[in-house]
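Engineer: Okay, sequence plus prediction incoming.
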Amino acid sequence: MKIRTNFSLQTLNSFNVPVITAEICFPSTLQELAEITAEKAASSYILGEGTNSLFCQESAPTIIKPSLMGIEITESDKNFKVKVACGQNWHEFVLFCINKGIFGLENLALIPGSVGAAPVQNIGAYGIEVSNFIDYVSWFDFAEQKQINFSNEECRFGYRESIFKQALNGKGIITHVNFKFAKAWQPENRYHGLNDLPTPITPQAIMSKVIQLRQAKLPEPKELPNAGSFFKNPIVTEAVFKPLHHQYPTMPYYLQENGAIKLAAGWLIEQSGLKGYRQRGVGVHENQALVLINYESKQGENIVALSVYIQEKVMAKFNIKLVPEVRFIGVNGELSSSDTGSES
Ligand code: EPU
């Protein structure tokens, strides 16, 4: 297995934090995965393309970077089934599917990151979540030293949530994501900006529009280092929502199937007067307040400090707690939000 020591992760995290790890290994086969013991895995952090991870202490733990590659397609009368290895780049995989005439993922174009990371936080955008198309996820368990399949239901997907982020965190690695796409394609174009596309609507037209929307709103990490949305959109009860909506009638909100209400964290941050705010070389993006930018800081802790400041401001104005979507990584592995002061 390829292993590097004293390795800089600067180009392997989209916040561009120049942190060093004592060791990084790149398992590229199941046999190489089996060389990693459960003990070693327990003190390591599994890194995809580093687009949702913030290194916030002076050094990084041992890193495991799953590097299995490959895509296999099988076909039945009604469906395509696609098995994709974890190391494939997400956007390239979306393009691959659309070019092969396999449709469904067009709304998720241009999301940064790897295929293996996609189910972990159940990536979602423009009305679709990756879980909508996942048949099952293949997982290598370090303690059992074998592969286990998790059905869609067993993955316990939720909004930016899954079992891989919770009970299975650090215990193994997603090796393959197994997708199922109906040949009878249904467009998802209810999102504002996709709902006025000319008919007949095509997957390619949705994808082009999604790319255009993302490029207009979201900064390119290579130019302005960032990790997309920094916080989750908060989900509140009707009792919390009603008085807020009364006070702020123009507030964007999205009714959820279970009767709860999702609020727009970007709006809450902007209304707290923080859009474009900067401190210590980091700041809140000028076009999308949900995105934090590392302009020129070499320390991830400055981004953590900014995120805590934002949480305090939003709490003071709206009495709403923002929860980070980005994962905070310390010297010994992932930190809980109480370790960083972002738990309020
Ligand atoms: N808004 C503001 N000010 C801002 C930002 C947003 O008022 O600075 C308002 C917008 O005008 C809109 C609402 O907030 O009314 C929602 O904004 P937007 O549609 O841009 O989406 P978002 O809720 O900020 C979510 C996802 C994105 C995804 C988009 C599109 C989360 C945490 N983020 O963002 O995902 O691309 O919807 O579906 O759910 C990511 O997770 O990294 C990500 C980019």
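Structural biologist: Structure's in. What do you need?
Engineer: Please count neighbours and contacts with C-alpha atoms only from this point.
Structural biologist: OK.
Engineer: could you pull out the strands for the stretch 101-250 of the chain?
Structural biologist: Secondary structure of the stretch 101-250 of the chain by DSSP state E, counting those that start in this stretch: the strands cover 124-125, 128-129, 134-141, 146-151, 172-182, 226-229, 235-236.
Engineer: Which of the ones you listed sits closest to Ala60?
Structural biologist: strand 226-229 (17.6 Å; Cα to Cα).
Engineer: Enumerate the residues of the stretch 201-344 of the chain near the ligand.
Structural biologist: Proximity of the stretch 201-344 of the chain to the ligand, by Cα under 6 Å from any ligand atom, involves residues 228-229, 231-233, 252, 264, 266-267, 270, 287-290.
Engineer: From those residues, which land in helices?
Structural biologist: In helices, defined here by DSSP state H, the members of those are Gly266, Trp267, Glu270.
Engineer: can you pick the most crowded of those residues?
Structural biologist: Gly266 (22 neighbours; other Cα atoms under 10 Å).
Engineer: Can you list phi and psi of Ile261 for me?
Structural biologist: phi -130, psi 130 (degrees, to the nearest 10).
Engineer: Return the residues in contact with it.
Structural biologist: Contacts for Ile261 (Cα atoms under 8 Å, 6 or more residues apart in numbering) come out as Ile235, Val236, Thr237, Glu238, Phe241, Tyr253, Tyr254, Leu255.
Engineer: Produce a PyMOL select command limited to the buried residues of those residues.
Structural biologist: Per 16 or more other Cα atoms under 10 Å, the buried members of those correspond to this PyMOL selection:
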select buried, resi 235+236+241+253
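Engineer: Which of the contacts of Ile261 sits closest to the ligand?
Structural biologist: Tyr253 (7.7 Å; Cα to the nearest ligand atom).
Engineer: For the nearest residue to Glu286 once chain neighbours are set aside, grab the count of nearby residues.
Structural biologist: Leaving out its chain neighbours, the residue that sits closest to Glu286 by Cα to Cα, 6 or more residues apart in numbering is Gly276, at 4.4 Å. Other residues lying near Gly276 total 15 when counted by other Cα under 10 Å.
Engineer: Gly276: what's it in contact with?
Structural biologist: Gly283, Val284, His285, Glu286, Asn287, Ala289.
Engineer: Mind checking which of these are in strands?
Structural biologist: Judged by DSSP state E, those include Gly283, Val284 as members of strands.
Engineer: Quick check: the farthest pair among the contacts of Gly276?
Structural biologist: Farthest pair in the contacts of Gly276, by Cα to Cα: Gly283 and Asn287, 11.8 Å.
Engineer: Looking at those two, which has the bigger crowd around it?
Structural biologist: Gly283 (23 against 15).
Engineer: Okay, the more buried one and the ligand: tell me how far apart.
Structural biologist: Separation of Gly283 from the ligand (Cα to the nearest ligand atom, to the nearest Å) stands at 13 Å.
Engineer: Run a quick neighbour tally on the residue lying closest to Glu154 once chain neighbours are set aside.
Structural biologist: The spatial neighbour of Glu154 that comes closest, neighbours along the chain excluded (Cα to Cα, 6+ apart), is Ile163 at 7.8 Å. When neighbours are counted by other Cα under 10 Å, Ile163 registers 17.
Engineer: so Ile163 touches Phe157, yeah?
Structural biologist: Yes. The pair Ile163 / Phe157 is scored as a contact, 7.1 Å apart, by Cα atoms under 8 Å.
Engineer: can you tell me which residues contact the closest residue to Lys78 other than its chain neighbours?
Structural biologist: Spatial nearest neighbour of Lys78, excluding adjacent residues (Cα to Cα, 6+ apart): Lys183 at 5.5 Å. Counting by Cα under 8 Å, 6+ apart, Lys183 touches Lys78, Asn79, Phe80, Ile102, Phe103.
Engineer: Which member of these is positioned nearest the ligand?
Structural biologist: Using Cα to the nearest ligand atom, the shortest approach to the ligand within these belongs to Phe103, at 18.1 Å.
Engineer: list the contacts for the closest one?
Structural biologist: Cys97, Phe181, Lys183, Trp185, Pro203.
Engineer: Just the pLDDT for the closest residue in space to the last one that isn't next to it in sequence.
Structural biologist: So that's Pro203. Setting aside the residues directly before and after it, Pro203 is nearest to Glu106 in space (Cα to Cα, 6+ apart), at 6.0 Å. For Glu106, the pLDDT comes out at 98.
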